[in-house]
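Enquirer: Any chance you could fold what I've pasted below:
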Amino acid sequence: MATVVIGILIYSLGGTIELIYGHAFFSSALFFIVTILYEKYGSRQLSQYRGIIGYMPIFSIFLFLNSLANLGVPLSSNWIGEWFIFYHLSYYSLYTALLACIVTIISAAYMLIFANQI
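Expert: Residues are numbered from 1 along each chain as shown. So this is what the prediction gives:
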């Protein structure tokens with residue numbers, strides 16, 4: 001959501017709106033998935049969910065695809081919004097754009113680690 005704030009501050013409203021829509025859809029889907037897992041297993045510990053792909057393969061694919069879309073893989077709405085914002089941010093300040101890209105890469109690595117543990 002920090003990328004949305006950056007987009008608002010540099011007046012990249014097209015990218016900001018695209019990123020808000022993508023975040024609203026994919027983050028809501030991830031919260032829905034976590035709620036289903038909590039209701040089924042009664043725990044929020046990631047160690048409890050290891051090997052879930054063997055028991056719930058379609059659900060695991062849905063979780064993985066939503067995780068990828070949430071972190072902004074190419075051709076997802078989050079990627080399009082982030083690309084527009086970073087493109088406009090590079091005109092404002094190249095160093096700030098590089099810092100924002102690094103933070104985005106770190107958050108994507110965290111999401112991949114999460115998806116890998118399940």
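Enquirer: Helices of the chain, start to end?
Expert: Here the chain has its helices, by DSSP state H, at 2-9, 13-41, 52-55, 57-71, 77-92, 94-117.
Enquirer: Ranking these by mean neighbour count, which comes first?
Expert: helix 77-92 (a mean of 19; mean count of other CB atoms under 10 Å). Placement of C-beta: from N, CA and C, glycine included.
Enquirer: Could you list every helix and strand that that one packs against?
Expert: Applying 3 or more CB pairs under 8 Å, 6 or more residues apart in numbering; DSSP states H and E, we find helix 77-92 packed against helix 2-9, helix 13-41, helix 57-71, helix 94-117.
Enquirer: just the angle between it and helix 13-41, please?
Expert: 140 degrees (axes from the mean of the first three to the mean of the last three CA atoms, to 10 degrees).
Enquirer: So for this structure, which residue is the most central one in space?
Expert: N70 (2.5 Å; CA atoms, centre = their mean).
Enquirer: Can you read off the pLDDT for that one?
Expert: Reading off the confidence values, N70 has pLDDT 84.
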